[in-house]
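**Q** give me a 3D structure for the following:
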Amino acid sequence: MDLWSRTQCDTIVVDGATIHGFSDLPAELALIIFKYAAQPDFTQPNTWFTKNSYSSALKISLVSKIVRRTVLPELLHTVLLPEVHHVAAFIQALRMQKTYVDQQQYDLSLDYTSHVHRMWFGYFRGPLSNPQPTFISSSIPSATKPDSESDVSLLAPVILAVPSLAIECASLHVLSDCLKYACNSDVDLNIDHKDSPLPWSTKSLTLSGNVTSRWWPFIGSIHGYTFLTSIQHLTLLAPSPYEVPSWMARAPFKQLQTFSMLISHGKPPVAECAPACSATTTRVELVTFPASLLPDHWTFKEIRAYIENGVGTMPSVPLPVPRSGNLCTVCLDCQSIWASGCEGPGRMVRVPD
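**A** Numbers count the residues shown, from 1 in each chain. This next block holds a predicted model:
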């Protein structure tokens, strides 16, 4: 198929600049322009008329199969799945890719696992289907319903391949299901996995939302515990108490090097403020701390003892930053903060030895 078979345009606009004689450009240069123009814009103001960040890439991908293959990696580099219908649509896309491979339509197939580098997984109502999928929500169009393939088997390879994963704490059960599927058996905690391969590539983990009762079941499972031991940087897009959260103090971050938290400066907005209040109401800074600030982590046995019998205490670890009031998370668009590349690290705070 000819590169320009879908459009015979001689003039295009890229990032506000008009390019004339576009159809006369060499194919290699045209593809570079398409790739640049397809990059999602996550820095738009949060208003009711904000356009889809992926709209440019989606439109450009319709030009031809060659252009589609060129721009899809730009679209997939950062994947945002904030709501249930986004997850269902993503699963449907993975299912289509599997169909393309099965039918040997290699001009349409693309391995998502090698192109998704950052993923935001928002609040998800209900379990994933494994092995017999069930419909997630009756409000989702039937075209997006999973059929015979397991949701977990499709999602796990992609989610666990991303170097940077952001997830709502309420959806930790999804991550747990993916870990169990990837491991296929219990992980041996008697083996030091520091230098041995594990079935995931996540090194930077971002947690959003209030940590609920889902946290302890997650780290109290062998898969969740082992996953956290491999994390090297943690970012918390959650209310800042100006101290290390108690749930984090004993978590098994064995390889953690740094962690970042949102810190507010100046007069904070009131907690009852409307969601429409602007980010200029208070200045928010992402501050990074060394992992040496954390107390000794608990072993898996100690975590189980705390969960089952309440054995153990949580130390109080204040953060070495000036206190300026509580952070109003109602006013923060944490998804946009993360999508813009601010999952950390931010300004580094040096802690004396």
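**Q** nearest residue to residue 198 in space, ignoring adjacent ones along the chain?
**A** residue 230 (6.0 Å; C-beta to C-beta, 6 or more residues apart in numbering). From N, CA and C alone the C-beta is placed, and that goes for glycine too.
**Q** show me where the stretch 1-150 of the chain dips below the pLDDT cut-off.
**A** 1-25, 27, 32-33, 35-36, 38, 41-57, 64, 125-149 (pLDDT under 70).
**Q** mind doing that once more with 80?
**A** 1-71, 106-107, 124-149 (pLDDT under 80).
**Q** quick one: end-to-end distance for stretch 103-111.
**A** Start-to-end span of stretch 103-111 (C-alpha to C-alpha, to the nearest Å) is 15 Å.
**Q** hmm, back to that, who's in contact with the residue nearest to residue 198?
**A** 193, 198, 200, 202-203, 254-255 (C-beta atoms under 8 Å, 6 or more residues apart in numbering).
**Q** again, 10 Å this time
**A** Residue 230 makes contacts with 193-194, 198, 200-203, 205, 252-256, as judged by C-beta atoms under 10 Å, 6 or more residues apart in numbering.
**Q** check which helix or strand residue 260 maps to.
**A** strand 258-265 (DSSP states H and E).
**Q** give me the helices and strands touching that strand, please.
**A** strand 204-208, strand 233-237, strand 243-244, strand 283-290, strand 347-348 (3 or more C-beta pairs under 10 Å, 6 or more residues apart in numbering; DSSP states H and E).
**Q** ok, 8 Å please
**A** Contacts defined by 3 or more C-beta pairs under 8 Å, 6 or more residues apart in numbering; DSSP states H and E place strand 258-265 against strand 233-237, strand 283-290.
**Q** quick one, that strand and strand 233-237 angle?
**A** 30 degrees (axes from the mean of the first three to the mean of the last three C-alpha atoms, to 10 degrees).
**Q** what are the C-alpha coordinates of strand 258-265, in CSV please?
**A** Coordinates of the C-alpha atoms in strand 258-265 are reproduced here as CSV (Å, rounded to 0.1, in the frame of the first residue of the first chain):
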residue,chain,number,x,y,z
THR,A,258,14.5,6.4,46.6
PHE,A,259,10.9,7.4,47.2
SER,A,260,9.0,10.5,46.2
MET,A,261,6.1,12.3,47.8
LEU,A,262,4.0,15.3,46.9
ILE,A,263,4.7,18.2,49.3
SER,A,264,2.6,21.3,49.4
HIS,A,265,4.1,24.8,50.0
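**Q** where does the closest residue to residue 94 other than its chain neighbours sit, in terms of helix or strand?
**A** With sequence-adjacent residues excluded and distances taken as C-beta to C-beta, 6+ apart, residue 94 is closest to residue 154, at 4.3 Å. Following DSSP H and E, the helix or strand that holds residue 154 is helix 151-159.
**Q** same check, this time on residue 255
**A** Assessed by DSSP H and E, residue 255 sits outside every helix and strand.
**Q** quick one, what contacts it?
**A** Residue 255 makes contacts with 194, 229-232, as judged by C-beta under 8 Å, 6+ apart.
**Q** okay, helices next: where are they in the stretch 1-150 of the chain?
**A** Here the stretch 1-150 of the chain has its helices, by DSSP state H, counting those that start in this stretch, at 27-37, 55-60, 65-76, 84-102.
**Q** and the longest one, what does it pack onto?
**A** Contact analysis of helix 84-102 by 3+ C-beta pairs under 8 Å, 6+ apart lists strand 78-81, helix 151-159 as its packing neighbours.
**Q** at 7 Å what do you get?
**A** On a contact count with 3 or more C-beta pairs under 7 Å, 6 or more residues apart in numbering; DSSP states H and E, helix 84-102 meets helix 151-159.
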